[in-house]
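> Quick one, structure for this:
(chains A, B and C)
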Amino acid sequence: MKRATSDHWLMRYLFIGVMFAFIVIFLIFPVCVVLIEALQGGLKFYFNTLLSTHSLTAIRLTLLVALAVVPLNTIFGICAAWAVTHFKFRGKGLLISLIEIPLWVSPVIGGLVFALLFGRRGWLGPWLDDHNIQILFAYPGIVLATAFVTFPFVARGLIPLMQAQGSAEEEAALTLGANGWQLFWRVSFPKIKWGVLYGMILCNARAMGEFGAVSVVAGNIEDQTNTMPLQIEQYYLNFGLPQAFTLASLLLILSVITLAIKIGLEWRRLAPNMARPH
Amino acid sequence: MSVAVSHISKRFETFAALRNVSLEVKTGELLALLGPSGSGKTTLLRIIAGLEIPDEGRISFVGEDVTEKSAYERKAGFVFQAYALFQHMTVFENIAFGLRVLPRKKRPNAQAVTKRVNELLELIQLPEFGHRFPSQLSGGQRQRVALARALAIEPRVLLLDEPFGALDAKVRKDLRNWLRHFHDQTHLTSLFVTHDQEEAFELADRVVVFNEGSIQQIGVPSELRQNPSNEFVRTFLEV
Amino acid sequence: MNAVSTSIEKGYSLAPVDTDQLQPQPSSRRVNRRRHILPGFRLTLGFAVFYLSAIVLIPLLALLLRAFTPTTDYPSVYQVLKHVYDVATDERALDSYRLSFGISFAAALLNGVFGFIAAWALTRYQFPGKKAIDALVDLPFAMPTSVAGLALTQIFSNNGGYIGQFLHEHLNWQIAYTPWGILIALTFIGFPFVVRTLQPVITDLSVEVEEAAACLGATRWQTFRRVILPAVRPALITGIMLAFGRAVGEYGSIVFISGNMPYRTEITPHLIIMKLEEFDYVGAAGLGLVMLAVSFCIVATVNFVQYLSARRRGLT
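Okay, here's the model as predicted:
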């Protein structure tokens, strides 16, 4: 029997069909193309490309950037979430809004602001020149721009999570004589560890894959300041399409792993599936 | 005198939760804070424990002024209304928590911790439940675990916030008798918050009647019944 | 009632308190110095504010000031402002706005349509592979934009060997290196926003309300238009605006597929980078301010829509 609220079969097939077509063309097809193009030259070519100096330095730099950015943003995220969820203070709403700024602005702006600060003709450029400190077109600049772009990832996942958990267990620990450190590591952290991991995974994926912000501050010096996404562009512009796809396939694998962990955490309800995705 | 509360006031935004409240609890006494919801009794309990900061007034434990001390220095045994058990720890670990966070010099060794926790599990009549998680317990069992956890640190005073609020009638009655019995044995100075006058009268040595942030009357149950000091106490107790 | 309130006015004087012990000494009236119960307030808030300032606020302030402060090239405030104005309203900049904002909006609307269809199918229908499809929706979040750009360029270029080559040979329709390519990349980027904002709302839609509408004689189409659509509209608009906001700022995938030809396929973020490479910091800051202003308007719109829908729900 047909229920009053079930859709017409035609609509049902149409909707499912359109959705499948969209997902196949826009999501599945690009993934396949990356893999096909990357392996077109054979496995030997594939690994030779990955082990070339260009690729290896890019991979190394990308890892080093993520190694600095992810811990920094994680510590920030935990601190911000702790302050916002356990205390009342003036300007709390403002703080929460400010944390979200980097989600709204273009990644190119994220690079631009540091170029304006540290560039040769930027605010601090002359002073840095005098003291022989290199920030722009070097590792520190790339770290700063990446930190800007991935800034809110841990915090915005933890704040709703910790808000939902409340402060009762922390208060109980306090009356039992736990000091701040014991209270955090023994009571609070076990409750939020999956949420922290969730934020770190997202932050890491974005940090390793960030292109716009980094391309402004990195200066495209091959074998020096090219992260993986920048090296992909470099290959592409130098007509090395197979090499570009080879390096891209590595980032693709990273994003698939990220997605798998993210979905795994969400399905186990260990982390909140955020209503407002970014 | 075990706990002294003097001239405590507390506002939340524009709402005056407590207005110049003073109270003394005698050593070994079981005292009930009775009143309708929103009358300030839970706020007073939380202020005594150090979980809320009063705007004015002082608190002292056994003659020592603890007003400036934080909750973790006061170590009042506090039993929360919704228990606030650590969900990720077993019953054993919950009860052992207070011992394991003691400063290194005072911290008992593993054997002593196990011994003490097992004694407490025995006391709350849940000796086989140490390895369970709070989510695997009934409401009454959780309540007793929360109590054991608070007792593990050998507190100078025991504070219970609506200790039987979330339980059904039968369990309530049993637990009430158990608590009275426990108190008669240990004579641990205890305060509990309730809105149920039958509970207060049956259990407590003295009852403090609260309304709108101030104490209306303090007395033993018979005294309150026979000689209510004002209209509020009379109407509240006659219900 | 009266009796009760008078007793309250008398307040604590009714309580038999041992007054010898509790004389209000001067010190007992002192306002408490400690302000917070749980530990770590100053440490955590301090670090959060410091890091926020260092990474986000001060750099953004540097951008803001750059568009108003004289430099050696533009020694007076008037000249700075004039240069900012010239760059921001230059023909090349205007063309880049048209392209950036126009195509971003078109892509956001496309996402609105496809996103609604996908969200509806994923919440209301049963079909094989549903969980896998649901997981795949997040792919554009996880996939680096440069990888997506590279792949889409290959698929849609005239000689890539995929869809683009087919369309070019048979329909003489060029996609990569034209605004069509940008539209495709931005549609890819924005897809998850609409789906993920709509899904919880459609899940929460009570089937009973639809049943009630059906019992009152509404056709399925009438129910859809009069009951379902109004309920999901705020979320739909929010999702579209989020996709729009993301598309306006997008750079990584566009750089590959658009060809970056001034006046034709150059988006505003690319123009900013061009200005920086010419060492025209003031001009770059001016264009950056335009983009910040647009982002701000989008945020304001989203918040306004959510405020309106929250208020409506509060009233009903």
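
> In three-state terms, label A:Arg90 for me.
coil (DSSP: H, G, I helix; E, B strand; the rest coil).

> Am I right that B:Val21 is in a helix?
No - for B:Val21, which was evaluated using three-state DSSP, the result is strand, with no helix membership.

> Assign a three-state SS to the nearest residue to it once chain neighbours are set aside, would you?
Nearest-residue entry for B:Val21: B:Ile8, 4.7 Å, with adjacent residues in sequence omitted and distances by Cβ to Cβ, 6 or more residues apart in numbering or on different chains. (C-beta placed from N, C-alpha, C; glycine too.) Using three-state DSSP, the three-state assignment for B:Ile8 comes out as strand.

> show me the contacts for B:Ile8.
Neighbouring residues of B:Ile8 by Cβ atoms under 8 Å, 6 or more residues apart in numbering or on different chains: B:Leu18, B:Asn20, B:Val21, B:Ser22, B:Leu44, B:Ile47, B:Pro54, B:Glu56, B:Gly57, B:Arg58, B:Ile59.

> Name the helix or strand for the most far-flung residue of chain B relative to its centre, please.
In chain B, B:Gln111 marks the outermost C-alpha relative to the chain mean, sitting 28.9 Å out by Cα atoms, centre = their mean. Counting by DSSP states H and E, the element that carries B:Gln111 is helix B:110-123.

> rewinding a little: please convert the contacts of B:Ile8 to a markdown table, extending it with neighbour count and secondary structure.
What follows is the contacts of B:Ile8, written out as a markdown table (neighbours: other Cβ atoms under 10 Å in any protein chain shown; DSSP: H, G, I helix; E, B strand; the rest coil):
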| residue | neighbour count | secondary structure |
| --- | --- | --- |
| B:Leu18 | 28 | strand |
| B:Asn20 | 19 | strand |
| B:Val21 | 28 | strand |
| B:Ser22 | 21 | strand |
| B:Leu44 | 29 | helix |
| B:Ile47 | 23 | helix |
| B:Pro54 | 24 | coil |
| B:Glu56 | 19 | strand |
| B:Gly57 | 23 | strand |
| B:Arg58 | 23 | strand |
| B:Ile59 | 23 | strand |
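
> Closest one to chain A out of those residues, please.
Of all the contacts of B:Ile8, the one with the least separation from chain A (Cβ to the nearest Cβ) is B:Ile47, at 12.7 Å.

> so the closest one touches B:Glu56, yeah?
No - with the criterion set as Cβ atoms under 8 Å, B:Ile47 and B:Glu56 do not qualify as a contacting pair; they are 10.9 Å apart.

> Got the confidence number for the residue in the stretch 51-200 of chain C that chain A sits nearest to?
Ranked by Cβ to the nearest Cβ, the top residue of the stretch 51-200 of chain C for proximity to chain A is C:Pro144, at 2.6 Å. In this prediction, C:Pro144 carries a pLDDT score of 95.

> Next, count neighbours for the closest residue to it other than its chain neighbours.
Of all residues beyond its chain neighbours, the one nearest C:Pro144 is A:Gly209 (2.6 Å), with distances taken as Cβ to Cβ, 6+ apart. Taking other Cβ atoms under 10 Å in any protein chain shown as the criterion, the count of residues near A:Gly209 is 26.

> ok, C:Ala300 to C:Leu57 distance?
Using Cβ to Cβ, to the nearest Å, we find C:Ala300 at a distance of 19 Å from C:Leu57.

> The two: which is more packed in?
For C:Ala300 and C:Leu57, the more surrounded residue by other Cβ under 10 Å is C:Leu57, and the numbers stand at 14 against 11.

> Where does pLDDT dip in the chain?
Since you didn't name a chain, this refers to chain A. Counting by pLDDT under 70, chain A shows low-confidence ranges at A:1-5, A:269-278.

> should've been chain B
Along chain B, segments meeting pLDDT under 70 span B:1, B:239.

> Get me the contact residues on it for chain C.
Within chain B, the positions near chain C by Cβ under 8 Å from any Cβ of the partner chain are B:1, B:4, B:6-7, B:19-24, B:50-58, B:67-68, B:70-71, B:211-212, B:214-219, B:229-232, B:235.

> so who does B:Ser138 touch?
For B:Ser138, the contacting residues are B:Val171, taking Cβ under 8 Å, 6+ apart as the criterion.
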